[in-house]
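J.: Let's see this in three dimensions:
(one chain, ligands or ions: 1)
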Amino acid sequence: MTFKTWAIRMGVAASMTALSVSALAQNNFDDVKITTQKLTDTVYVLFGAGGNIGVSVGEDGVFIIDDQFAPLTERIKAAIAELSDQPIRFAINTHFHGDHTGGNENLGKEGTVIVAHDNVRVRMSQSAFNRTFNRRSEAKPKAALPVVTFNDRASLHLNGDTARMHHVRRAHTDGDSIVEFEKDNVLHMGDTFFVGRFPFIDVDSGGTIDGVIGSTKTAIAIADDNTQVIPGHGPVTDREGLRAYLKMLEDSRDRVAKLKADGKTLDEIRAAKPLADYEETITGGGADWTNAYIGFVFNSL
Ligand SMILES: [Zn+2]
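T.: The predicted model follows:
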């Protein structure tokens, strides 16, 4: 898989421009299949292209966490129809990126209520330029915008459980939430957590390495031995997966910070391969993506 194809499918690209508008326009996601994994009697995760989708089904209806790309909405609805004959009442957005909110407009027009942190609505309402990827994203239409927003926490009381949205400050962006299913013991991390690849930290949208470290610590504090953890991208894991991720994040921060304090430039730090040990097992996107990640860490210190 080329880096470009990988980036599109993994959602990194929704934010990259060299790839974004034209590449996504050419990419109809025709070959993308939505697959379903059952986590509990009422909570599922859907995989396709873009961010992993959390699904709650039960006596009160359906709500979802994130909704991937617009061309996939019908396939996502078909996958959910296998689980429930109810409509999608709510869609929580973990953050504003297009690979997590691309289905909002389709769902919003059908009456789904979009819920997110205040800054998700702010960022989706504006066009913006991202220097990291030399990308401009346009303001989204009204139907795509969250209509319920919150500044710190909010909860949905549905399907016999409480889904708590915890805003985590300046992590992957400045509008991230992690979602905790209290009774079902499931955590959806949005893009504060990537499994199998180094994380994208959207520094131009308020993201920081220290915020990602903070959100990971928050999640570890919420989790217990049996918690099932859904990352923004990659397979479902657990608290041990979060702990391994935290160690990688802290090592990244400390190693890059030391080299930066020694006066090294970003190019010199990349050439020094400070994450070579982690690259043996964290391989998604290859060396190009490792270097991009080192840049996110460097630019947010
Ligand atoms: Zn994202």
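J.: count of neighbours near the closest residue to the ion within the stretch 1-150 of the chain?
T.: At 3.5 Å from the ion, His97 is the closest residue in the stretch 1-150 of the chain, using C-beta to the ion. (Glycine included, C-beta is placed from N, CA and C.) His97: 29 surrounding residues under other C-beta atoms under 10 Å.
J.: just Leu275 next, same as before
T.: Neighbouring residues of Leu275 were enumerated by other C-beta under 10 Å; the total is 21.
J.: what's the answer for the one 3 residues further on, then?
T.: Here the count is done by other C-beta under 10 Å, and Tyr278 has 18 residues near it.
J.: Show the pLDDT at it.
T.: Per-residue confidence for Tyr278 comes out at a pLDDT of 98.
J.: Quick check: closest non-adjacent residue to it.
T.: Leaving aside its sequence neighbours, Tyr278 sits nearest to Met248 (C-beta to C-beta, 6 or more residues apart in numbering; 5.4 Å).
J.: Next one, pLDDT for that neighbour please.
T.: The predicted structure lists Met248 with a pLDDT of 98.
J.: where do the strands sit along the stretch 1-150 of the chain?
T.: If you assign secondary structure with DSSP state E, counting those that start in this stretch, the strands in the stretch 1-150 of the chain sit at 35-38, 43-47, 53-58, 61-65, 88-92, 113-117, 128-130, 135-137, 148-150.
J.: Tell me which of those strands lies nearest to Asp161.
T.: Set against Asp161 and scored by C-beta to C-beta, these come closest in strand 53-58, at 7.1 Å.
J.: For that closest one, what is the distance to the chain centroid?
T.: Using C-alpha atoms, centre = their mean, to the nearest Å, the distance from the centre of strand 53-58 to the centre of the chain it belongs to is 16 Å.
J.: Offset the numbering so it begins at 57, please.
T.: Shifting the count to begin at 57 puts that one at strand 109-114.
J.: Strand partners (parallel or antiparallel) of that strand?
T.: strand 99-103 (antiparallel), strand 117-121 (antiparallel) (DSSP bridges).
J.: Could you take those strands and lay them out as a markdown table, with extra columns for mean pLDDT, mean neighbour count and distance to the ion?
T.: Compiled in a markdown table, these are given as follows (pLDDT from 0 to 100; neighbours: other C-beta atoms under 10 Å; distance: least, C-beta to the ion, whole Å):
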| stretch | mean pLDDT | mean neighbour count | distance to the ion |
| --- | --- | --- | --- |
| strand 99-103 | 98 | 23 | 16 |
| strand 117-121 | 98 | 24 | 13 |
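J.: What segments of this structure are helices?
T.: With DSSP state H applied, the chain shows helices at 59-66, 76-82, 129-137, 154-157, 160-165, 174-180, 265-278, 295-317, 322-327, 332-335, 342-356, listed in chain order.
J.: Out of those, which is the most enclosed?
T.: For these, ranked by mean neighbour count under the definition mean count of other C-beta atoms under 10 Å, the leader is helix 154-157 at a mean of 27.
J.: then that one to CSV, C-alphas only?
T.: Coordinates of each C-alpha in helix 154-157 appear next as CSV, following Å, rounded to 0.1, in the frame of the first residue of the first chain:
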residue,chain,number,x,y,z
GLY,A,154,-13.4,14.7,8.3
ASP,A,155,-12.7,11.0,8.7
HIS,A,156,-14.8,11.1,11.9
THR,A,157,-17.5,13.6,11.0
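J.: average pLDDT for that helix?
T.: For helix 154-157, the per-residue pLDDT values average out at 95.
J.: cool, and stretch 138-151?
T.: 98.
J.: how about it: buried residues?
T.: Under the neighbour-count criterion of 16 or more other C-beta atoms under 10 Å, stretch 138-151 has Leu139, Ser140, Ile144, Arg145, Phe146, Ala147, Ile148, Asn149, Thr150, His151 buried.
J.: what's the closest residue in space to Leu298 that isn't next to it in sequence in contact with, if anything?
T.: With sequence-adjacent residues excluded and distances taken as C-beta to C-beta, 6+ apart, Leu298 is closest to Ile276, at 5.1 Å. Neighbouring residues of Ile276 by C-beta atoms under 8 Å, 6 or more residues apart in numbering: Arg295, Leu298, Arg299, Leu302.
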